[in-house]
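Q: Sequence isn't available, so here's the structure alone:
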């Protein structure tokens, strides 16, 4: 079954090239890199063979990597713009040696929810309909499920939220361009946004999502962590195999179902 093309890989490459030319402050990428580094620091192990998904993933979303060749695979703010995320995660897991670590950061959750709502309201007001302007972002629970689906052991998905405040909507747009995070959707309009639509979006944004005269913008960074399966890893106990009772650990008396406390 073919994978639907949600994202335009050529548009993504052009946006990244423009971001490099702009050379702006990619502060969210630094935050994601710091988040990955912090999680790695809690793992007392040296990783000799590292694969960077951001450079190894080709335009066809195939990894330029040998099977079982790496003990660490990382990705920084790129996976939210792949068409076949389950397939890429599966490739990442196959690239790992047994007990190798995968850790990546990507935008998810409520990222840019304010911008999405403001653009939708503005287009309804000025155009009578909605065109896709902001890419969809995965829910942290769904993304964690994809780790399990790809065959990772001990999968963990957690999210950290950053709220940035801007003087006006154009300042947010400039930051998105500097980060290479402009609209990459295949179904996007190729026409420039009309001035009246942008003005309506700015007005809606200021009315609904302003704090003290500043526009807030939400960015949720989801961190995905998983291990290539290995026999040495801790395994979950089978039901009924516990040697002690929860009540003993909590220091409370145990009661049968339906028994009222006295």
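A: All right, it came through fine. A quick note: this is a predicted structure, and the numbers were derived from the prediction, not measured. Residues are numbered from 1 along each chain as shown.
Q: can we go C-alpha only for contacts and neighbour counts from here?
A: Fine.
Q: quick one: pLDDT of the residue lying closest to residue 146 once chain neighbours are set aside?
A: In space, and not counting its chain neighbours, residue 146 is closest to residue 86: 6.1 Å by Cα to Cα, 6 or more residues apart in numbering. You'll see residue 86 listed with a pLDDT of 94.
Q: Moving along the chain from whatever helix or strand residue 86 lives in, name the first helix or strand you hit.
A: Residue 86 belongs to helix 85-95 when assigned by DSSP states H and E. For helix 85-95, the following helix or strand on the C-terminal side (DSSP H and E) is strand 96-108.
Q: Please name every helix or strand in contact with that next one.
A: If contacts are counted by 3 or more Cα pairs under 8 Å, 6 or more residues apart in numbering; DSSP states H and E, strand 96-108 sits against helix 27-41, strand 70-76, strand 214-227.
Q: tally of neighbours for residue 88?
A: Counted by other Cα atoms under 10 Å, the residues lying close to residue 88 total 19.
Q: just residue 31 next, same as before
A: Using other Cα under 10 Å as the criterion, the residues surrounding residue 31 number 15.
Q: Now do the same for it: its pLDDT.
A: 96.
Q: same thing with residue 155?
A: 95.
Q: how close does it sit to residue 132?
A: 32 Å (Cα to Cα, to the nearest Å).
Q: by contact count, what packs against the helix or strand where residue 201 lies?
A: Counting by DSSP H and E, the element that carries residue 201 is helix 195-208. Secondary-structure packing of helix 195-208 (3+ Cα pairs under 8 Å, 6+ apart): helix 113-127, strand 214-227.
Q: 7 Å instead, please
A: Contacts defined by 3 or more Cα pairs under 7 Å, 6 or more residues apart in numbering; DSSP states H and E place helix 195-208 against helix 113-127.
Q: what's the closest non-adjacent residue to residue 196?
A: residue 126 (6.9 Å).
Q: doesn't residue 199 make contact with the one you found?
A: No: the criterion here is Cα atoms under 7 Å, and residue 126 misses it with residue 199 at 9.9 Å.
Q: Can you give me every residue that contacts residue 157?
A: By Cα atoms under 7 Å, 6 or more residues apart in numbering, the contact list for residue 157 reads 140, 144, 222-225.
Q: got any ranges where the stretch 51-200 of the chain has weak pLDDT?
A: Counting by pLDDT under 70, the stretch 51-200 of the chain shows no low-confidence range.
Q: Closest to the mean position in this protein, which residue would that be?
A: residue 106 (2.6 Å; Cα atoms, centre = their mean).
Q: The residue nearest to it when sequence neighbours are not counted - how many residues pack around it?
A: Distance criterion Cα to Cα, 6+ apart; nearest residue to residue 106, sequence neighbours excluded, is residue 77 at 4.3 Å. Using other Cα under 10 Å, residue 77 is surrounded by 22 other residues.
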